[in-house]
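Participant: Need coordinates for the following:
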Amino acid sequence: MVPDITPDMIPDIVIGTETGEETAHAAVAGAAIHWADKDRAAAFEAWLSGLARAQGIAPASARLASADASFRRYFRVDAAQSPTGSYIIMDAPPDKEDCASFVHVAELMADAGLSAPRVLAWDQAAGFMLLTDLGTQTMMDAIQANLAAPASANPTASSVPTNAHENLYIDAVDALVRWQLASASGVLPPYDDALLSRELALFPDWYVRQYRGITLDADAQATLDHAFGLIKASNLQSLNGARVYVHRDFMARNLMAPTLVAARAALPLQGAMRPESAHLEAVRAHSSGLEAAAPAVKERDEASPLDNRLGILDFQDAVYGPITYDIASLMRDAFLSWEEDFVLDITVRYWQKARKAGLPVGDDFGEFYRGVEWMGLQRHLKILGIFARLTLRDGKPRYLADTPRFIKYVRATCARYRQLGPLMVLLDEIEGNETRVGYTF
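Facilitator: Below is the predicted model:
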């Protein structure tokens, strides 16, 4: 379910670095578990021993698997009854983590027919949970392997798939559509104005004031407030306010790819962006081009139907909110950037599948893509604040290694839409850059 951590990473220009506790654990993943609290260690040993016979567990085999940006840790333990030969244990101190939402969303995903960890045992009071193991390879791992493989490893085109990355992303799109089709109001917390406001506030509070050490004057604050109002209005009102289940971190590092894709299919990195009018015209043309290619797309989809090949992790913060959020998260990844043509290809493919399935994505891809970009903008500003908070409050400074990616995302979107021009100027002032942009309408 949780990947083993390795220190071998693709250069930052392509894929972001391992960060925070994950880097701290990189050298010891698979090693013995260390506890700062002896009482908690004893409680864990007693709990695991109590499960040993019923679950076929070998308690002495428990070892580190990974950690994340929260206070959770994950262990792997050998289990004879498991199809994968192991289970995952979540260590989530109850005074710091509430796992009830994880259990709830895991049930929703199972009901939707998705591949997600099943809860086998849960000591709610102690904060220990036994989960099924979805394997050790994330979608990000598969992409890394493709990008890192030397050319000599792929001597012939026929020996490996030639569209490995596309296949992974279409599998992710299929899983996303299935998740959204299961949506119902009143089941998950609403992604409403109040939550959007709290998330956006992380940017000025943590990134600007505490990390950059800048106090915004009245004019700068007014610029920021106006931009935030535009962003929230777009995200809440676009596509007639369409709402679905939202994972909130639907990206390659949180998707499990059980089978290693050996092909090398490196794609160009994110490049220059077009202003709004030319951009949306090109987006619609791109969509029309893929519509014309629908027979080939249909043939591929029928050859590889919706089949749960990708597992889903880190879903405990799921909400009921804008339909544009998760596709924005997938294609504007926190740790991985693609050239926009590839982003468009996969986003169009999602839109086609979602529309065919009856999801409320609208009939105009240009309008839909604009909503995705504005939703992504909100997410990027939020993450800048979160990464600063992880550094300053939680002592995990390496998350900020990926901030240039988010600054680039934010500038790219602001450069397309005249309404966001003042926000880009303010961002450049914060970053100490000179604003250079021209709008064409």
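Participant: ok, which stretches of the stretch 301-441 of the chain are strands?
Facilitator: 311-312, 319-322 (DSSP state E, counting those that start in this stretch).
Participant: Most tightly packed of those strands?
Facilitator: strand 311-312 (a mean of 24; mean count of other Cβ atoms under 10 Å). No exception for glycine: its C-beta is placed from N, CA and C like everyone else's.
Participant: Let me know whether my guess that residue 49 is in a helix holds.
Facilitator: Yes - the assignment for residue 49 by DSSP: H, G, I helix; E, B strand; the rest coil puts it in a helix.
Participant: Settle this for me: it is touching residue 59, isn't it.
Facilitator: Yes - checked against Cβ atoms under 8 Å, the pair residue 49 and residue 59 is within contact range at 5.5 Å.
Participant: More neighbours: which of the two?
Facilitator: Neighbours per residue, other Cβ atoms under 10 Å: of residue 49 and residue 59, the larger number sits with residue 59, 15 against 11.
Participant: What are the buried residues along stretch 403-417?
Facilitator: 403, 405-407, 409-417 (16 or more other Cβ atoms under 10 Å).
Participant: quick revisit: any idea which of the strands of the stretch 301-441 of the chain gets closest to residue 421?
Facilitator: Closest to residue 421 of the strands of the stretch 301-441 of the chain is strand 319-322 (Cβ to Cβ; 23.6 Å).
Participant: what are the ranges of the helices in the stretch 151-300 of the chain?
Facilitator: Secondary structure of the stretch 151-300 of the chain (DSSP state H, counting those that start in this stretch): helices at 164-181, 193-202, 218-241, 276-292, 294-303.
Participant: Would you mind pulling the contact partners of the second one?
Facilitator: So that's helix 193-202. 189, 228, 231-232, 235-236, 319, 321, 378, 381-382, 384-386, 388-389 (Cβ atoms under 8 Å, 6 or more residues apart in numbering).
Participant: Name the nearest of these relative to residue 372.
Facilitator: Nearest to residue 372 among these: residue 235, at 10.2 Å, using Cβ to Cβ.
Participant: Wait, that closest one touches residue 328, no?
Facilitator: No - Residue 235 lies out of contact with residue 328 (Cβ under 8 Å); the separation is 9.8 Å.
Participant: Quick check: neighbours shared by the two?
Facilitator: Common neighbours of residue 235 and residue 328 (criterion: Cβ under 8 Å, 6+ apart): residue 375.
Participant: nearest spatial neighbour of the spatially most central residue of the chain, skipping sequence neighbours?
Facilitator: In the chain, the C-alpha closest to the average C-alpha coordinate belongs to residue 251, at a distance of 2.8 Å (Cα atoms, centre = their mean). Spatially, and ignoring its direct neighbours in sequence, residue 251 is nearest to residue 333 (4.7 Å; Cβ to Cβ, 6 or more residues apart in numbering).
Participant: ok, that neighbour touching residue 250?
Facilitator: No - assessed by Cβ under 8 Å, residue 333 is found out of contact with residue 250, at 9.6 Å.
Participant: Domain-wise, how is the chain divided?
Facilitator: Here the domain parsing of the chain from automatic domain parsing is 20-132, 139-431.
Participant: Lowest average confidence across the ones you listed, which one?
Facilitator: The minimum mean pLDDT among the domains of the chain belongs to domain 139-431 (a mean of 82).
Participant: measure residue 31 to residue 63 for me?
Facilitator: 6 Å (Cβ to Cβ, to the nearest Å).
Participant: Looking at these two, which is more packed in?
Facilitator: Shown here are residue 31 and residue 63; by other Cβ under 10 Å, residue 63 has more neighbours (17 against 10).
Participant: Contact partners for residue 385?
Facilitator: By Cβ under 8 Å, 6+ apart, the contact list for residue 385 reads 199, 201-207.
Participant: Please produce TSV containing these, extended by neighbour count and distance to residue 433.
Facilitator: Formatted as TSV, those follow (neighbours: other Cβ atoms under 10 Å; distance: Cβ to Cβ, whole Å):
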residue	neighbour count	distance to residue 433
199	19	24
201	14	23
202	19	21
203	25	17
204	22	18
205	15	22
206	21	20
207	26	15
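Participant: Which one of those is nearest to residue 138?
Facilitator: Distance ranking of those against residue 138, using Cβ to Cβ, places residue 199 first at 24.8 Å.
Participant: contact partners of stretch 97-112?
Facilitator: 70-72, 90, 92, 116-119, 122, 124, 127, 129, 178-179, 181-182, 187-188, 245, 312, 315-318.
Participant: ChimeraX command for the buried members of these?
Facilitator: A single ChimeraX command suffices to select whichever of those are buried according to 16+ other Cβ under 10 Å:
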select :70,72,90,92,116,117,119,122,127,129,178,179,188,245,312,315,316,318
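Participant: ok, the contacts of residue 385 vs residue 347, which is closest?
Facilitator: Nearest member of the contacts of residue 385 to residue 347, counting by Cβ to Cβ, is residue 199, at 22.3 Å.
Participant: secondary structure element for the residue located most distally from the centre of the chain?
Facilitator: Most distant residue from the mean C-alpha position of the chain: residue 53, 36.4 Å away (Cα atoms, centre = their mean). For residue 53, the host element (DSSP states H and E) is helix 38-55.
Participant: Going by contacts, tell me the helices and strands next to the helix or strand following that helix.
Facilitator: Later in the chain than helix 38-55, the nearest helix or strand by DSSP H and E is strand 63-67. Helices and strands touching strand 63-67, by 3 or more Cβ pairs under 8 Å, 6 or more residues apart in numbering; DSSP states H and E, are helix 20-26, strand 73-78.
Participant: Would you give the sheet partners of strand 63-67, along with the direction of each?
Facilitator: According to DSSP bridges, strand 63-67 has the following sheet partners: strand 73-78 (antiparallel).
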